[in-house]
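Enquirer: With the input below, show me the fold.
(chains A, B, C and D)
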Number of protein chains: 4
Amino acid sequence: MAGNTIGKALQLTTFGESHGPALGGILDGFPAGIELDLEAVQKELDRRRPGQSQLTTPRKESDRIEILSGIFEGRSTGTPIAFLFRNEDKKSQDYEHLRDVFRPSHADFTYSAKYGHRDHRGGGRSSARETVCRVAAGAIARQLLKNVRIEAWVHQVGSHRVPFSVEEVNPTGIEENELRWPDPGSLSSAIELIERLRDEGDTIGGVIACRITGVPAGWGEPVFDKLHSDLASAMMSINAAKGFDIGGGFDRLELPGSIQNDAFEEGGGTRTNFSGGIQGGISNGQPIYFRVAFKPIATIKKEQDTIRATGEPTILEAKGRHDPTVLPRAVPIVEAMAALVLADHYLRQKTNMP
Amino acid sequence: MAGNTIGKALQLTTFGESHGPALGGILDGFPAGIELDLEAVQKELDRRRPGQSQLTTPRKESDRIEILSGIFEGRSTGTPIAFLFRNEDKKSQDYEHLRDVFRPSHADFTYSAKYGHRDHRGGGRSSARETVCRVAAGAIARQLLKNVRIEAWVHQVGSHRVPFSVEEVNPTGIEENELRWPDPGSLSSAIELIERLRDEGDTIGGVIACRITGVPAGWGEPVFDKLHSDLASAMMSINAAKGFDIGGGFDRLELPGSIQNDAFEEGGGTRTNFSGGIQGGISNGQPIYFRVAFKPIATIKKEQDTIRATGEPTILEAKGRHDPTVLPRAVPIVEAMAALVLADHYLRQKTNMP
Amino acid sequence: MAGNTIGKALQLTTFGESHGPALGGILDGFPAGIELDLEAVQKELDRRRPGQSQLTTPRKESDRIEILSGIFEGRSTGTPIAFLFRNEDKKSQDYEHLRDVFRPSHADFTYSAKYGHRDHRGGGRSSARETVCRVAAGAIARQLLKNVRIEAWVHQVGSHRVPFSVEEVNPTGIEENELRWPDPGSLSSAIELIERLRDEGDTIGGVIACRITGVPAGWGEPVFDKLHSDLASAMMSINAAKGFDIGGGFDRLELPGSIQNDAFEEGGGTRTNFSGGIQGGISNGQPIYFRVAFKPIATIKKEQDTIRATGEPTILEAKGRHDPTVLPRAVPIVEAMAALVLADHYLRQKTNMP
Amino acid sequence: MAGNTIGKALQLTTFGESHGPALGGILDGFPAGIELDLEAVQKELDRRRPGQSQLTTPRKESDRIEILSGIFEGRSTGTPIAFLFRNEDKKSQDYEHLRDVFRPSHADFTYSAKYGHRDHRGGGRSSARETVCRVAAGAIARQLLKNVRIEAWVHQVGSHRVPFSVEEVNPTGIEENELRWPDPGSLSSAIELIERLRDEGDTIGGVIACRITGVPAGWGEPVFDKLHSDLASAMMSINAAKGFDIGGGFDRLELPGSIQNDAFEEGGGTRTNFSGGIQGGISNGQPIYFRVAFKPIATIKKEQDTIRATGEPTILEAKGRHDPTVLPRAVPIVEAMAALVLADHYLRQKTNMP
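Expert: Below is the predicted model of the structure:
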């Protein structure tokens, strides 16, 4: 059943396989009359693009966006905004040896079990190449949210963490280092960890944190479309995401209610922000901050035990060019998904008043 | 905008305020011809009911379900199954002092900011009383999933954890202790922790873990309705939930890809299960396990600084009868939400084949 | 798959069988802070109620609405508004002879084919009793549409028509006659036709027309949720509805474009209104008018050839008490469905501007 | 709010403006493993293409479909099927005079009122060019419905009708004449009527009828997603559609219930088919037949009174190349929309059984 659409008032539907003719999407419900900065969109795409540094794959991807509809003379028309990315660097023959082999912890086995027939080249629809559409749509959605600032960063690599809590981080300078790490003091150890694993042909996961400011109180639709439910779903739908938490989350469980309760201050602000900016599923006007855990990339340069589609065992040889970690490139993806969820709820909240 | 519906093929829509006439829901899309065991539904409701032990509030709730439609002569008819819970123990006057005061870390402030006009009695729609509808619907949904076993338990209280990893736990005996804790050896310290905080008028959060067996490979709809995206959204929509992770999640980030990759074994099983039973958003036939972090209950028996609706500061006095922790009662809620998500995806998967 | 929900921003989900414990619905997405006139709701329900006149069945139905949630101190809270109708006049044993017999042109056969297991009593879910929920929800939705006036009337009985075109009719006095017929001159022949058929144990269909004024230009969401697409779907979902048209519809097909085109007048009005108030799926500020065709009620007091569930032929005897025509009671149902569609689009249009 | 998606299990989302870079769509939820005949898709597109005959515009459109995803080695993969049509014959400067003028009975005025900012060239999103995406998706959807036969034809031009009732028509030979008219005897008068109006610079509407055989009993989801509700909505969403009826519809209103009731015959068939193949919103296994009324095309070669965006009166001069009637080209569009609705309900019905 159809499952490639996210959002209700603002809906993104995406399509495309890693080695098919193209990927793209339709962003429907975007209000009319908004001047759209397409260079800002391209800039976000460039942040996600492979080959940016030694920490990312040298593989080239055609991440040049083509807008097909919904914008006229520089402004949105209220009709669907469609966009396209042609696949150019398609070396499909490189994947012939994977036609009938399931790579461990990829989606080869599950797509095969679910659909019977699948495009095995580069992971097909399950490839992280799919996220290019999310970044494009998110960068457009962001332009609806004039007063909202969405900033993500790499907060943890393996078990190596930024030595501050998420709400203490100032992510201003993160674009200046290749890891998008906010703390100069602990940066080199984080990079060394990644480089060591890369040199071993291995990969490592970690945590991306995100802080959002400028969201007024009132966004989020209880009881099932709570703002953090939608954020959780959006983040978990990103390739390799395995965890989501908000505010205190998994990290402050030792603190009792008397400490975690966010006492109100005159005017409606709160003294602390263990809630992470959302209470009862609705934004409370404080900064929203959440974390997303990512597992290591499943493609490693080591031999692995696996099976063929027939069920018989085989060895998967180490081939291809891949990132040692998904983290720096996932930063703009996390921001994009946050922008899509927030823009949807910004629009939805407009209907709660007569 | 409407936000009280969850699911696509199988949809639950709920309604009701804590101190209004009733709460209830409509479960639409439940297949016809299923013999329904309503005692099993009531049994799940009893697991959620307050007043079960010293760890839960003595408050009485009318959790007697009334089925209004969709079942005829003991079997489902394919039409909507509606159910109702009358509110009986309504001491609305107890809440008069909260009419214009926002309780810290409750949803009083955000509902007020969002809707302007709200039912302040007992939290209104944001009350945990709302979860009674989830448990009812989940217990019905469960009856679709003949071969699936869904078992949750309390895995962590504050920072006190079960001394095994989630996948090592055997939750068979959890109903025998009031905490629904799977490890006899560490049970008493967990209970002592809760009782100490209760005696101090305080509350504590923790983690519920859930293991699901019997789900075949193939459930889950990439790329936005991935099985774990929908599970995350469903879990995060539960009152007081602040985090969700699956498989390795936030907990195994130190392990590189070469260890976390789940090598396939002959026939399609995997040697390890760091994926938590889901790969690429689709079940792989292995046990699904995930965790949900819950914050401490916001109602404490201590004075708190807060504000009135006018914005001026005031003191919130300690009143009422409340649980020291949400955890044992949240176990059946987590199971119910899992059942709803799985039943939806069980049905959705039927449409992926011609 | 779930199919008992209508609307997107404002969603109505209904439940209930004719002879089950109750029918009801949940109206989700209704904005907060609206003062609700529940007597106006009951008044609409009374317009739909059986037993109003010689033209309607003397059967009594409990059409007393009970509001269960979403309204606090007289005003909407933005949370779901649930409502209930208990079934009281349930003579289920009257239907025992229909347990295994399919009544011609009822939904007995199709429900049986679709679901296997069905509640045969009084048509179960397919009974026109189900429309009580539509009228209730529509009467609430109407209270959102302060400046909109929705007026339906019986425009045709059999082939006997009001001797004016739909846009010439003034429906002001229709509540004064039992047929809700707008033209005194042709009223008695219309009633005679119905009474003659009633006396023969027969039934007759006809047309309801509806005029809506006060809708500003801009409501309706191309290309699939056009305002008249949603109106068509809503109207066709009413029991016994077999046709829908708008503006010129099926009736002005002889007129060429040069006549049917609605020339604009200074300021944005149009000289004619063959478009029926909607152009390109969006309201243009002119009165909206449409027609709905209803077939004769399938329950007649004549013996009919039919079959049993086993497939073998049998005779259906003439029993029960039923209306000779659905028309006068369908007038408030048509208005209610129009109100639901319009209120939904009123809210949706709020999101098309940043 | 997003409104460019149709269907629930099988969802089509479309995009594109008449004179933008491209139009296209995403068909999501199409089951995996279906061998797809893309020539059959192109053939349907050719049936819709302008310039086929003297009755259609000589304007050339690039109706060459490009498939972008979801098909691998000739078979569907279960992932979204995206397709694209480039706009080539774009003479945008031809439309400069329409930038600030509203053409009567087009959607210029309403798009302007709704969105503020619009692409005026060739009607933008409201152009009938948009239907190319519907035909493409419908032709794919059709390939799911192996045993279903969907045949539409022109049944009425102006007030000139095929001299048979819809259920008596045999549409086998309709592709042999340019009008897609099923009755050789009355064909020439129908064509003469159109040609006369064309020569006068005028246009004419009419009726398309559709017959569907091979649908088993059981498709359609009461109470709001009834099969004929969804058909009505789909048909009314086609440009210029102003009416829909099914079975007896508007045309047999003079017949009482005793005649219109479809008596069952041994085995489950019916003696008559006034129901048009659908009872209670669910298919009954008999042929489904319905009609769609289309108004005259609004573009005529005559001067018309109209206004500018400023509200001041002006004269719209007669320009451009256009069809004298939408009818023959709308035949494949009606069939395509029927295929989309039926394929959706075919899939949805799979979930009604455990």
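
Enquirer: Show me which residues of the stretch 51-200 of chain A sit near chain D.
Expert: The interface of the stretch 51-200 of chain A toward chain D, taken as Cβ under 8 Å from any Cβ of the partner chain, is made up of A:66-70, A:72, A:75-82, A:84, A:114-119, A:124-125. C-beta coordinates here come from the backbone N, C-alpha and C atoms, glycine included.

Enquirer: Could you rerun that using 7 Å?
Expert: A:68-70, A:72, A:75, A:77-80, A:82, A:114-119, A:125 (Cβ under 7 Å from any Cβ of the partner chain).

Enquirer: if you look at these, which of them are in helices?
Expert: A:Lys114, A:Tyr115 (DSSP state H).

Enquirer: Give me the buried subset of the residues of the stretch 51-200 of chain A next to chain D.
Expert: Neighbour counting with 16 or more other Cβ atoms under 10 Å in any protein chain shown marks A:68-70, A:72, A:77-80, A:82, A:114-119, A:125 as buried within those.

Enquirer: which residues sit in contact with whichever residue of the stretch 151-300 of chain A sits closest to chain C?
Expert: Closest to chain C within the stretch 151-300 of chain A is A:Pro222: 7.6 Å, counting by Cβ to the nearest Cβ. By Cβ atoms under 7 Å, 6 or more residues apart in numbering or on different chains, the residues touching A:Pro222 are A:Gly280, A:Gly281, A:Ile282, B:Gly3, B:Arg125, B:Ser126.

Enquirer: can you do 10 Å?
Expert: A:Pro222 sits next to A:229, A:280-282, B:3-4, B:107, B:110-111, B:114-115, B:125-126, B:130, B:237, B:239, C:78-80 when contact means Cβ atoms under 10 Å, 6 or more residues apart in numbering or on different chains.

Enquirer: Tell me the secondary structure at A:Cys210.
Expert: Following DSSP: H, G, I helix; E, B strand; the rest coil, we place A:Cys210 in the strand state.

Enquirer: can you pull up the bridge partners for it?
Expert: Under DSSP bridges, the beta-bridge partners of A:Cys210 are A:Ala152, A:Phe290.

Enquirer: count of residues packed around it?
Expert: 24 (other Cβ atoms under 10 Å in any protein chain shown).

Enquirer: so it touches A:Asp245, yeah?
Expert: No - contact between A:Cys210 and A:Asp245 fails when scored by Cβ atoms under 10 Å: they sit 11.3 Å apart.

Enquirer: and for these two, which residues touch both?
Expert: A:Val166, A:Met235, A:Tyr289, A:Phe290, A:Arg291, A:Val292.

Enquirer: And the helices in the stretch 151-300 of chain A?
Expert: A:184-199, A:227-236, A:257-260 (DSSP state H, counting those that start in this stretch).

Enquirer: For A:Gly29, which of the ones you listed is the nearest?
Expert: The closest of the helices of the stretch 151-300 of chain A to A:Gly29 is helix A:227-236. By Cβ to Cβ, the value is 14.8 Å.

Enquirer: so, in contact with chain D or not, the closest one?
Expert: No - using Cβ under 10 Å from any Cβ of the partner chain, helix A:227-236 stays clear of chain D, with a minimum separation of 15.2 Å.

Enquirer: Let me see the contact set for the nearest residue to A:Ser189 once chain neighbours are set aside.
Expert: The shortest distance from A:Ser189 to any non-neighbouring residue, by Cβ to Cβ, 6 or more residues apart in numbering or on different chains, is to A:His160 (6.1 Å). Residues near A:His160 by Cβ under 10 Å, 6+ apart: A:Trp181, A:Ser186, A:Ser189, A:Ala190, A:Glu192, A:Leu193, A:Ile194, A:Ile204, A:Gly206, B:Leu253, B:Glu254.

Enquirer: what separates stretch A:346-354 from the chain centre, distance-wise?
Expert: With Cα atoms, centre = their mean, to the nearest Å as the basis, stretch A:346-354 stands 26 Å off its chain's centre.

Enquirer: what does stretch A:153-172 give?
Expert: 17 Å.

Enquirer: Next to chain C in this structure, residues from the stretch 201-350 of chain A, please.
Expert: So far as Cβ under 10 Å from any Cβ goes, the stretch 201-350 of chain A lies against chain C at A:Glu221, A:Pro222, A:Val223, A:Asp344, A:Tyr346, A:Leu347, A:Arg348, A:Gln349, A:Lys350.

Enquirer: Widest-spaced pair of the buried ones among the residues of the stretch 51-200 of chain A next to chain D?
Expert: Spanning the widest gap among those are A:Phe72 and A:Gly116, at 42.7 Å by Cβ to Cβ.

Enquirer: Can you show me the CA trace of stretch A:153-173 as PDB?
Expert: Coordinates of each C-alpha in stretch A:153-173 appear next as PDB, following Å, rounded to 0.1, in the frame of the first residue of the first chain:
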ATOM      1  CA  TRP A 153      25.100  18.900  14.300                       C
ATOM      2  CA  VAL A 154      27.000  15.700  15.000                       C
ATOM      3  CA  HIS A 155      26.800  15.200  18.800                       C
ATOM      4  CA  GLN A 156      28.400  11.800  19.200                       C
ATOM      5  CA  VAL A 157      30.600   9.400  17.100                       C
ATOM      6  CA  GLY A 158      30.600   5.900  18.400                       C
ATOM      7  CA  SER A 159      30.700   6.500  22.200                       C
ATOM      8  CA  HIS A 160      32.700   9.700  21.800                       C
ATOM      9  CA  ARG A 161      30.400  12.600  22.700                       C
ATOM     10  CA  VAL A 162      30.500  16.400  22.600                       C
ATOM     11  CA  PRO A 163      31.400  17.200  26.200                       C
ATOM     12  CA  PHE A 164      28.300  19.400  26.700                       C
ATOM     13  CA  SER A 165      24.700  18.600  26.900                       C
ATOM     14  CA  VAL A 166      22.600  19.200  23.800                       C
ATOM     15  CA  GLU A 167      21.100  22.400  25.100                       C
ATOM     16  CA  GLU A 168      24.500  23.800  25.900                       C
ATOM     17  CA  VAL A 169      25.800  23.400  22.400                       C
ATOM     18  CA  ASN A 170      26.300  26.400  20.200                       C
ATOM     19  CA  PRO A 171      26.300  25.000  16.600                       C
ATOM     20  CA  THR A 172      27.200  28.200  14.900                       C
ATOM     21  CA  GLY A 173      30.600  27.100  13.500                       C
END
